[in-house]
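Peer 1: model this:
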Amino acid sequence: MRITLAIFLALLPHLSLSHPGGVDKQGGHLDPQTGRYHCHRDDCKRAHEQQHKAEQEAREEGRAFSTLYDRDQWPHWTDDDHDCQDTRAETLIQTSRTAVTFSDPRQCTVTNGRWYDPYTDRTFTRARSLDIDHIVPLRHAHGHGADRWSKEQRQQFANDPQNLLAVSARANRSKGASSPDQWLPPNQAFWCEYGRRWQALKQRYALMITPPEQEALDRLAATCPAL
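Peer 2: You can find the predicted model right below:
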């Protein structure tokens with residue numbers, strides 16, 4: 001991790017070179033040619049340096065990274081249509097390959113169905129065996145540009161169907177807040193799609209992509225079938 005952080009910080013001066021287009025309120029912008037977020041202002045650089053330093057210190061001390069990231073500030077599993085089925089329930093209903101069953105007459109909580117987990121290449125029938133994974137984790141997003149988002153932006157990201165997958169709880173917890181240079185799904189057949197979705201989400205939300213992260217995405221792209 002020290003090496004990764006050192007490389008990232010060493011490259012910051014090069015990332016600050018001018019590119020076409022203006023800068024956003026964070027003091028940087030997304031380069032559409034590379035899909036990478038570049039800082040152009042000192043306050044942007046300092047904010048991201050502080051974030052990476054805090055994450056690094058937390059990992060070295062073996063504790064959760066919570067000094068700057070607070071999951072409670074990311075409203076997730078909302079029920080926007082007020083039908084008692086939150087984002088988790090709706091994701092399970094939409095992705096099950098059979099009709100789901102519920103634990104209550106109002107049909108709020110899903111108990112059984114049939115779900116294919118692309119991370120492990122396994123099929124599950126009990127909802128309690130599954131987590132709804134954020135492909136780009138909330139904590140990771142926070143450390144790569146989302147720390148300055150509004151509550152509404154955080155809620156949108158946390159409940160975006162494009163960022164959600166029903167997967168093995170064990171696999172999801174193994175992943176934690178890792179990026180593709182730190183963790184990949186055990187099922188290598190899913191690596192191409194995983195890399196595509198990760199990069200698309202980073203581009204859509206203008207989140208920073210570090211050099212090691214981009215190198216990992218390039219390797220994943222190399223696993224995609226030729227068109």
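Peer 1: in this structure, which spans are strands?
Peer 2: With DSSP state E, the ranges of strands along the chain come out as 28-31, 36-39, 101-102, 110-117, 122-126, 130-134, 164-168.
Peer 1: a markdown table please, covering those strands and showing distance to residue 74, mean neighbour count and mean pLDDT.
Peer 2: Backbone N, C-alpha and C define where each C-beta goes, glycine included. Converted to a markdown table, the strands of the chain look like this (distance: least, CB to CB, whole Å; neighbours: other CB atoms under 10 Å; pLDDT from 0 to 100):
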| stretch | distance to residue 74 | mean neighbour count | mean pLDDT |
| --- | --- | --- | --- |
| strand 28-31 | 21 | 20 | 62 |
| strand 36-39 | 19 | 23 | 64 |
| strand 101-102 | 26 | 14 | 98 |
| strand 110-117 | 22 | 19 | 98 |
| strand 122-126 | 26 | 14 | 98 |
| strand 130-134 | 9 | 22 | 97 |
| strand 164-168 | 13 | 23 | 98 |
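Peer 1: of those, which is nearest residue 207?
Peer 2: strand 36-39 (6.1 Å; CB to CB).
Peer 1: re earlier: distance to residue 197 for the strands of the chain - can I get that in TSV?
Peer 2: Compiled in TSV, those are given as follows (distance: least, CB to CB, whole Å):
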stretch	distance to residue 197
strand 28-31	17
strand 36-39	17
strand 101-102	29
strand 110-117	15
strand 122-126	19
strand 130-134	11
strand 164-168	9
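Peer 1: nearest to residue 181, of the ones you listed?
Peer 2: Checked against CB to CB, the stretch from those lying closest is strand 36-39, at 13.7 Å.
Peer 1: ok, which of the strands of the chain comes nearest residue 176?
Peer 2: So among the strands of the chain, strand 130-134 is nearest, using CB to CB, at 10.5 Å.
Peer 1: contacting residues for residue 99?
Peer 2: residue 113 (CB atoms under 8 Å, 6 or more residues apart in numbering).
Peer 1: low-confidence ranges, this structure, go.
Peer 2: Counting by pLDDT under 70, the ranges of the chain that qualify are 1-26, 28-38, 43-44, 46-68, 227.
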